[in-house]
Structures are given as structure tokens and as C-alpha cells.
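In: Dropping a prediction and its sequence here:
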Amino acid sequence: MLHAINLTKEFDARPVLNQVNLTVDKNEVYCLLGQNGAGKTTTINIFLGFLEASSGQALINGKDVQSHRAQTNKMIAYIPEVVQLYGNLSGQENLDFFSRLAGFTYTSGELTRFLRKAGLQEEAHSRRLSTFSKGMRQKVGIAIALAKKADVIFMDEPTSGLDPKATAEFTVLCQEFVAEGKSIFMATHDIFNAVNVGTRIGIMKEGRLVHERVTRDITANQLQQLYLETI
């Protein structure tokens with residue numbers, strides 16, 4: 001689903017991504033670890049089309065992001081660390097608005113089902129977003145990704161600031177996405193959640209992908225040790 005080929009990005013002649021090669025398959029959760037500034041978010045932003053690579057390619061389902069932006073945008077959804085929604089609208093109204101922006105029109109019942117599947121308690125569907133916790137906002141973001149019928153979901157620090165219950169619910173949702181044939185590409189600092197939810201893990205340092213591991217072959221403690229040795 002995702003393929004980075006010698007992906008490089010420079011700002012003011014300084015490389016922030018340096019010849020990154022990675023692949024994310026269907027039914028896979030790929031977790032990308034690294035310190036702030038390692039290149040995780042830059043990698044995501046190139047796949048999303050927010051940034052243009054200096055060289056190399058970012059492919060989504062075989063299509064180059066730079067030359068097929070409109071087509072690749074239809075295949076993806078993005079859940080940032082802070083989900084930007086309209087505080088004066090309800091959860092359902094936000095979902096309806098962003099679904100329509102993506103070209104989808106749903107009935108009230110369908111919107112309710114998306115929110116319910118994302119784990120948002122039903123009493124909150126009609127409440128204003130300004131009253132929502134971070135975890136509740138993320139669930140609306142997940143509902144938007146569901147409504148968009150995205151093949152690939154990008155996430156940037158999705159468990160940051162979530163309590164243990166919300167993190168556990170998030171893990172279950174990721175597993176459900178994978179069971180439905182979706183792929184997830186996640187930038188995170190959460191080593192233990194990466195081992196718990198991921199199928200593969202990459203570690204970045206100074207713009208390079210320096211390690212990749214299959215999660216079934218490594219424990220959280222082993223990954224933590226490798227990460228500390230790397231950074």
C-alpha cells in the first residue's frame with residue numbers, strides 16, 4: 001500500500017530525510033519511532049502531499065503522490081496528534097461536514113453507526129466538540145477516517161495524552177481496521193503501544209531509517225533497549 005523509494009527531503013540544503021526506503025503492506029500496522037526531529041512527521045507529510053520530496057518517491061497503492069495527488073488523497077485519511085475539528089459543532093455535525101468535504105453524504109443513522117464504531121459514547125454524538133476530551137476528539141477523527149473509506153490511515157502520535165482506557169480502545173480499533181483490510185502508518189513515541197498494536201516497527205535517527213523489526217520477534221523491553229542504544 002505504501003512504498004518510499006530513496007525518499008529525501010532538504011530544508012535550506014539540510015537533509016531532514018535521507019534516502020528512506022520502506023514498505024507498508026495491506027493489513028499492516030507500521031509504527032515509526034524516533035526522537036523529535038528524526039523525520040517521522042516529515043515522512044508522513046510527504047505521503048499526505050503536504051510536503052514535496054526533494055528526491056525519491058512516495059507511492060500509495062502504486063501511484064506517485066506528487067504526480068497523482070487527487071487520486072492518492074481519495075485512498076488515505078489522516079489523524080494528527082491534535083484533531084482539528086469545529087468546537088461549535090456536535091460530533092455528528094463534524095462528521096457530516098468532513099464526510100461531505102471528502103465527497104460522501106450519509107444519513108443520520110449512518111453517521112451514528114460510524115461514531116459508534118469509533119467508540120464514541122452515544123450521548124456525546126449531539127454534544128458540542130468544545131466539551132470533548134482529547135480521546136473523544138480522536139474518536140471523531142477515527143469516525144471521519146471510517147466514513148472516508150480510506151485504504152490507508154496515517155496517524156501522528158495517536159496515543160499522546162490518552163489515558164490507559166482510551167489507549168486500550170484505540171488498540172482494538174486499529175486491530176479492527178487491519179481485519180477490514182486497511183493499512184496504518186503511525187508515528188509514535190510510545191514503545192509499548194507500538195509493540196502492542198504494530199506488526200512492524202521502524203526506528204529513525206537524523207532522517208534515516210536505521211532499524212526495522214517485526215513485532216512478534218521482539219519484546220517491549222528489547223525494543224526499548226534498541227531504541228535507547230540508537231538515539
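Out: Yep, that arrived. Numbers count the residues shown, from 1 in each chain.
In: can you list the domain ranges for this structure.
Out: 2-75+153-230, 86-150 (automatic domain parsing).
In: Same list (those domains) but as CSV, adding mean neighbour count and mean pLDDT.
Out: No exception for glycine: its C-beta is placed from N, CA and C like everyone else's. Below are those laid out as CSV (neighbours: other Cβ atoms under 10 Å; pLDDT from 0 to 100):
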stretch, mean neighbour count, mean pLDDT
domain 2-75+153-230, 18, 91
domain 86-150, 18, 92
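In: And the spatially most central residue of the chain, which helix or strand is it part of?
Out: Closest to where the C-alpha atoms of the chain average out (Cα atoms, centre = their mean) is residue 155, at 1.7 Å. According to DSSP states H and E, residue 155 maps onto strand 152-156.
In: Check which helices and strands that strand is in contact with.
Out: Identification of packing neighbours for strand 152-156 by 3 or more Cβ pairs under 8 Å, 6 or more residues apart in numbering; DSSP states H and E yields helix 40-48, strand 76-79, strand 183-187.
In: check contacts around residue 65.
Out: 46-49, 57-59, 72 (Cβ atoms under 8 Å, 6 or more residues apart in numbering).
In: My error: substitute residue 22 in the last question.
Out: Per Cβ under 8 Å, 6+ apart, neighbours of residue 22: 2-4, 30, 202, 209, 212.
In: Could you dump those residues into CSV with secondary structure and distance to residue 219 added?
Out: Formatted as CSV, these follow (DSSP: H, G, I helix; E, B strand; the rest coil; distance: Cβ to Cβ, whole Å):
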residue, secondary structure, distance to residue 219
2, strand, 26
3, strand, 29
4, strand, 27
30, strand, 19
202, strand, 17
209, strand, 21
212, strand, 16
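In: tell me which of those is nearest to residue 96?
Out: Among those, residue 2 lies closest to residue 96 (Cβ to Cβ), at 29.1 Å.
In: dump the residue contacts of the closest one.
Out: 22-24, 30, 47, 58-60, 152, 183, 185.
In: among the helices and strands packed on strand 152-156, which is nearest residue 162?
Out: Of all those, the one in closest proximity to residue 162, counting by Cβ to Cβ, is strand 76-79 (12.2 Å).
In: what helices or strands is the lengthiest helix in the chain leaning on?
Out: In the chain, with assignment by DSSP state H, the single longest helix is helix 164-179. Secondary-structure packing of helix 164-179 (3+ Cβ pairs under 8 Å, 6+ apart): helix 134-147, strand 183-187, helix 191-197.
In: In a markdown table, list the ones you listed along with distance to residue 120.
Out: Shown next, in a markdown table, are the helices and strands packed on helix 164-179 (distance: least, Cβ to Cβ, whole Å):
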| stretch | distance to residue 120 |
| --- | --- |
| helix 134-147 | 4 |
| strand 183-187 | 19 |
| helix 191-197 | 19 |
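In: Residue 34 is in contact with residue 203, isn't it?
Out: Yes: counting by Cβ atoms under 8 Å, residue 34 sits close enough to residue 203 to count as a contact (6.1 Å).
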